[in-house]
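>>> Starting from these lines, generate the structure:
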Amino acid sequence: MNLEALKSLDEFTGFLEGFKVDEFINVFSLKLASGTWAAGNYYDRFMIKGYHIGLQSDIKSRVERIWRAGIRGFTPVNVEFLDEELNVNWQLVDEILGITKNRGMSVAGLALDLSGIPMFKHGSLTNPDPNLRKRALKLLVESLNIAKKLNTNLVSFWPGQDGWDYNFEANYSEKLKLFINGVLELAREASEKGLKLSLEAKLKEPKEGNMIIPTTHAAATIAKLVNTMLDKDIVGVTIDYGHELMYAVEPAYTVHFVKMLEVPLLAIHINTAKTHSNDEDRVVGTGDLWQLIDFLLATIEIEYSGWYILDQFMYRMDPVEGLRLSKELFVNTVKKALALYRSKDVLEKARATGDQAKVLDIVKKILYNY
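A predicted model of the protein is given here:
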């Protein structure tokens with residue numbers, strides 16, 4: 001984010017819409033993208049045929065919708081490029097690369113996710129079957145080549161099926177050892193290809209006990225451990241805003257915790273959820289704005305320079321409209337965070353007194369007027 005443009009912030013007063021949103025993005029070099037999963041049909045156990053029947057959900061259609069929503073970055077998922085035999089369809093990779101160039105878009109990393117492949121329902125890197133663990137690692141390593149082909153230097157791994165559903169089901173130490181060893185091997189391969197590997201935590205879902213990395217703090221600890229083993233900073237974390245709210249931690253605190261641990265913050269997923277809720281993934285900026293602005297302020301304070309990736313599921317809303325709204329609301333929220341950052345000296349002076357009223361007196365005028 002271009003903080004030198006703070007002197008231009010007053011040119012963006014009022015609620016930003018239309019071309020002013022794009023102007024703001026350009027002036028502040030704001031890197032906004034969407035996951036491809038946010039731009040197609042959506043399924044759950046209540047609507048097994050999907051909420052948008054007939055909506056083309058191949059990756060090319062999804063990228064086209066992201067572009068129509070006015071978003072110029074996207075993060076695809078590795079499995080979108082695999083055929084039924086789980087081999088990479090390199091022709092499709094080339095086609096997406098061509099669309100990216102023709103549309104003036106950027107690939108904001110590649111998501112690594114094996115959770116929807118039935119053979120890995122008991123886990124990928126921690127699967128009790130050693131042959132399936134090897135198969136999972138092989139697929140993940142092969143996916144690194146997709147990232148290279150797409151000209152991105154980042155892969156983000158979400159181990160959705162690695163974890164447990166019941167107490168006593170798992171030997172926690174053994175699960176952790178398997179996961180750390182798998183991440184270590186994957187990180188070695190990523191390093192050889194000039195890639196960074198990010199770990200995305202989540203409390204639960206689809207596992208109903210815990211996922212193997214239930215919190216970003218656990219993910220960051222594992223990343224730190226693997227980096228120490230490799231003697232280089234290859235592994236970092238992806239912070240999903242809604243995932244933080246699932247376990248009711250302050251998301252802004254997590255940002256500073258990761259920074260304090262000296263673990264790279266490599267990607268951020270943006271959405272809306274309630275505390276202690278499920279992974280709602282609703283339109284950005286429709287929940288607790290104070291908490292979201294605090295989170296975005298934290299990313300500015302630590303000089304985060306990566307992508308903010310829309311990660312949402314708009315079950316009952318047109319995906320293009322949902323992405324457009326999230327883009328608009330996100331930019332208006334970032335504007336308030338930047339206004340607070342511009343007043344950081346005054347804010348820090350008030351914080352230092354321990355007087356909560358003084359802090360709120362400073363914040364209120366920006367949050368409700370700017």
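>>> which residues in the stretch 151-300 of the chain form helices?
Counting by DSSP state H, counting those that start in this stretch, one finds helices in the stretch 151-300 of the chain at the ranges 172-192, 216-230, 241-246, 251-260, 289-301.
>>> What is the distance between the helix or strand hosting I25 and the centre of its chain?
For I25, the host element (DSSP states H and E) is helix 19-27. Relative to its chain's centre, helix 19-27 lies at 22 Å (CA atoms, centre = their mean, to the nearest Å).
>>> buried sites along that helix?
Neighbour-count burial for helix 19-27, counted by 16 or more other CB atoms under 10 Å, picks out 20-21, 24-25. All C-beta spots, glycine's among them, are computed from the backbone N, C-alpha and C.
>>> Which other helices and strands does whichever helix or strand comes after that helix contact?
Next helix or strand after helix 19-27 toward the C-terminus (DSSP H and E): strand 32-35. Secondary-structure packing of strand 32-35 (3 or more CB pairs under 8 Å, 6 or more residues apart in numbering; DSSP states H and E): strand 73-75, strand 308-310, helix 319-342.
>>> tell me the mean pLDDT for strand 32-35?
Averaged across strand 32-35, pLDDT comes to 98.
>>> got the contact list for it?
Contacts of strand 32-35 from elsewhere in the structure, counted by CB atoms under 8 Å, 6 or more residues apart in numbering, are 25, 66, 69, 71-75, 77, 106, 108, 111, 269, 307-311, 323, 327, 330-331.
>>> and if you look at stretch 254-265?
The contact list for stretch 254-265, computed with CB under 8 Å, 6+ apart, reads 196, 198, 216-217, 220-221, 223-224, 227, 233, 235-237, 239, 244, 295, 298-299, 301-302, 304, 306.
>>> picking that back up, JSON lines for the buried residues of helix 19-27, including distance to N167?
What follows is these, written out as JSON lines (distance: CB to CB, whole Å):
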{"residue": "K20", "distance to N167": "53"}
{"residue": "V21", "distance to N167": "48"}
{"residue": "F24", "distance to N167": "49"}
{"residue": "I25", "distance to N167": "47"}
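>>> And the strand or helix carrying A111, how far out from the chain middle?
Taking DSSP H and E as the criterion, the element that holds A111 is strand 110-112. In this view, strand 110-112 has its centroid 10 Å away from the chain centroid, taken as CA atoms, centre = their mean.
>>> That strand - contacts with which helices or strands?
Other elements packing on strand 110-112 under the criterion 3+ CB pairs under 8 Å, 6+ apart are helix 130-149, strand 154-157.
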